[in-house]
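Trainee: Output the structure for:
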Amino acid sequence: MNKTAKIIMSTTLMASMAFSAFGCSTAETTATETTADVAETTEAAAETTEASETAADLLEGKTVMTYAEYAAAPVDSEVTVETYIQAKQGWWENEGVGNASFYTQDENGAYFLYNMPCTEDEYAKLTVGTKIKVNGFKSEWSGEVEITDAKFVIEEGNYVATATDVTDKLASDELISYQNLFVSFTDMTVEASNDAGAAFLYSYDGSGSQGDDLYFKVSVNGQTYTFTVESYLTGADTEVYKAVEGLKVGDKVDMEGFLYWYEGVNPHITKVTVK
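Mentor: As a prediction, the model looks like this:
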């Protein structure tokens with residue numbers, strides 16, 4: 001074999017070895033990345049399971065209250081109820097802890113769960129009708145009664161409420177007993193929301209923009225009320241948001257929503273039908 005052939009063979013051999021080493025390195029890197037991904041997924045699943053088990057442990061032995069017992073309980077007292085998801089606001093994180101607010105109800109009354117901690121996976125499972133057991137504290141903010149610092153477990157069962165018409169109760173003291181329920185309003189008239197004659201406002205004072213909460217006024221029996229489309233519940237891409245943006249003063253409307261309270265009745269509207 002001549003010198004040239006030896007050089008060619010040597011060069012080929014070194015190239016082959018280098019390629020093999022590179023291929024081995026790439027395979028090891030890919031395997032390492034895959035293992036890391038699997039480990040991360042497994043860890044996340046384990047954290048979700050651990051959180052659920054912890055909540056289940058904390059709720060074990062807690063006596064479930066009837067709605068009447070809950071309603072009679074003083075503010076700031078510990079409460080435990082079984083209820084069903086009817087709607088939910090958007091999920092978000094605060095200092096690494098996921099949470100969301102939920103509109104819930106059973107056959108006898110309703111419970112608003114404010115900023116209840118939950119993982120994103122748990123949030124996805126809390127669909128309309130889902131039964132949960134909840135423990136927390138009965139709280140009040142500007143007239144709105146809610147459950148805060150809540151822990152929950154999902155239970156077997158399903159219930160979806162039908163809207164209760166409370167139009168004729170709007171001006172009565174009885175209305176407060178329907179707080180947080182899924183309700184309906186019929187034959188109400190859209191009124192001007194400001195001196196300029198706008199049929200609705202972005203934010204309560206008109207200082208907002210599309211995507212913010214919508215505020216609008218409606219009247220019945222000579223009384224005018226402020227209703228809201230809560231953007232965390234029904235955002236700018238929803239039918240109800242677009243329907244309110246299309247309202248005109250004088251329109252006759254039927255509506256559905258949740259009987260939220262803020263310094264008086266302030267329903268969170270989920271459906272508007274112009275008649």
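Trainee: For the stretch 1-150 of the chain, just list every one of the strands.
Mentor: If DSSP state E, counting those that start in this stretch is used as the criterion, the strands of the stretch 1-150 of the chain fall at 78-88, 92-94, 97-105, 110-117, 130-141, 144-158.
Trainee: can you list those strands in TSV and add mean neighbour count, mean pLDDT and distance to V220?
Mentor: The C-beta positions use only the backbone N, C-alpha and C, and glycine is treated the same way. What follows is those, written out as TSV (neighbours: other CB atoms under 10 Å; pLDDT from 0 to 100; distance: least, CB to CB, whole Å):
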stretch	mean neighbour count	mean pLDDT	distance to V220
strand 78-88	20	98	24
strand 92-94	11	96	35
strand 97-105	21	97	23
strand 110-117	22	98	22
strand 130-141	18	98	27
strand 144-158	17	97	22
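Trainee: Can you say which of these is nearest to F258?
Mentor: Among these, the nearest to F258 by CB to CB is strand 97-105 (4.8 Å).
Trainee: just checking, what packs against that closest one?
Mentor: Judged by 3 or more CB pairs under 8 Å, 6 or more residues apart in numbering; DSSP states H and E, the packing partners of strand 97-105 are strand 78-88, strand 92-94, strand 110-117, helix 120-125.
Trainee: can you do 10 Å?
Mentor: strand 78-88, strand 92-94, strand 110-117, helix 120-125, strand 130-141, strand 144-158, strand 252-258 (3 or more CB pairs under 10 Å, 6 or more residues apart in numbering; DSSP states H and E).
Trainee: which residue packs closest to the residue nearest the centre of the chain, ignoring adjacent ones?
Mentor: Geometric centre of the chain, nearest residue: Q89, 2.5 Å, by CA atoms, centre = their mean. Closest residue in space to Q89, ignoring its immediate chain neighbours: Y232 at 4.0 Å, by CB to CB, 6 or more residues apart in numbering.
Trainee: What of F182?
Mentor: Leaving aside its sequence neighbours, F182 sits nearest to A161 (CB to CB, 6+ apart; 4.6 Å).
Trainee: give the contact list for the one you found.
Mentor: By CB atoms under 10 Å, 6 or more residues apart in numbering, the contact set of A161 is 84, 86, 103-107, 110, 128-129, 181-183, 258.
Trainee: closest to A198 among those?
Mentor: F258 (24.4 Å).
Trainee: Thought L181 was touching that closest one, still the case?
Mentor: Yes - here F258 lies in contact with L181, judged by CB atoms under 10 Å, at a distance of 7.1 Å.
Trainee: Find the residues that touch each one of the two.
Mentor: Q86, Y103, Q105, A110, A161, A163.
Trainee: G257 and D149, how far apart?
Mentor: Using CB to CB, to the nearest Å, G257 is found at 26 Å from D149.
Trainee: How about G157?
Mentor: Applying CB to CB to G157 and D149 gives a distance of 24 Å.
Trainee: Contacts only, for K248.
Mentor: K248 sits next to V190, G197, A199, F200, V274 when contact means CB under 10 Å, 6+ apart.
Trainee: how about a cut-off of 6 Å?
Mentor: Residues near K248 by CB atoms under 6 Å, 6 or more residues apart in numbering: A199.
Trainee: Show me the shaky parts of the protein.
Mentor: The model of the chain has pLDDT under 70 over residues 1-53.
Trainee: and with 50 instead?
Mentor: Within the chain, the ranges that satisfy pLDDT under 50 run 1-35, 38-39, 41-42, 44-45.
Trainee: domain assignment for it?
Mentor: 1-60, 67-158, 164-274 (automatic domain parsing).
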